[in-house]
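1. Build me a model from this:
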Amino acid sequence: MQTSARNQFAGEVAEVKHGAVNDEVTLRTQDGLEIVAIITHGSATSLGLAAGKKAFALVKASSVIVMVDVAENQVSARNCIAGTVSAVTRGAVNSEVTISAGGARIAAIITNDSVDRLALASGKAATAIFKASSVIIGVE
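-> Residues are numbered from 1 along each chain as shown. The predicted structure is shown next:
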């Protein structure tokens with residue numbers, strides 16, 4: 001599979017909570033991360049999502065927020081992945097910040113001003129945050 005999404009997580013569905021309109025899907029990745037997605041009930045049904053099914057999650061780097069000195073219980077977003085900055089690639093206006101968490105890597109596109117304000121550099125602790133509604137779920 002090829003896609004422009006910088007964040008691609010392969011794994012299997014750990015749980016599906018069905019709702020009238022939307023379903024909450026928890027994907028457990030090969031690296032042990034749990035990614036939560038909110039998708040329509042119709043999409044979950046058409047993809048055949050159920051516990052144990054192989055699936056993947058996609059998250060655009062522009063949908064990822066980077067924070068420092070934050071705990072998971074301080075934000076409303078369902079996906080808070082704490083790790084360490086492994087790379088900062090500066091551009092003219094924005095930077096790509098890569099956070100490593102275990103074997104997983106999460107890319108975020110944020111402004112250079114934010115990189116400077118947060119003092120982001122390789123080795124610094126940081127958390128990648130993204131809403132469950134920003135996650136796309138797919139199956140092969």
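
2. Wait, V93 touches S114, no?
-> No. The criterion here is C-beta atoms under 8 Å, and V93 misses it with S114 at 11.0 Å. (Glycine included, C-beta is placed from N, CA and C.)

3. quick one: which of those two has more around it?
-> S114 (16 against 8; other C-beta atoms under 10 Å).

4. what's near enough to touch that one?
-> 66, 95, 120 (C-beta atoms under 8 Å, 6 or more residues apart in numbering).

5. mind checking the backbone torsions on it?
-> S114 adopts backbone torsions of phi -70, psi -40, taken as degrees, to the nearest 10.

6. go on, T45?
-> Here is the backbone geometry of T45 (degrees, to the nearest 10): phi -70, psi -50.

7. residue contacts, it?
-> Counted by C-beta under 8 Å, 6+ apart, T45 has zero contacts.

8. let's go with 10 Å and repeat that
-> 16, 18, 23 (C-beta atoms under 10 Å, 6 or more residues apart in numbering).

9. The one helix or strand the first one maps to pairs with which strands, and in what direction?
-> Yep, that's V16 we're talking about. Using DSSP states H and E, V16 sits within strand 7-17. With DSSP bridges as the test, strand 7-17 is paired with strand 22-29 (antiparallel), strand 54-59 (antiparallel).
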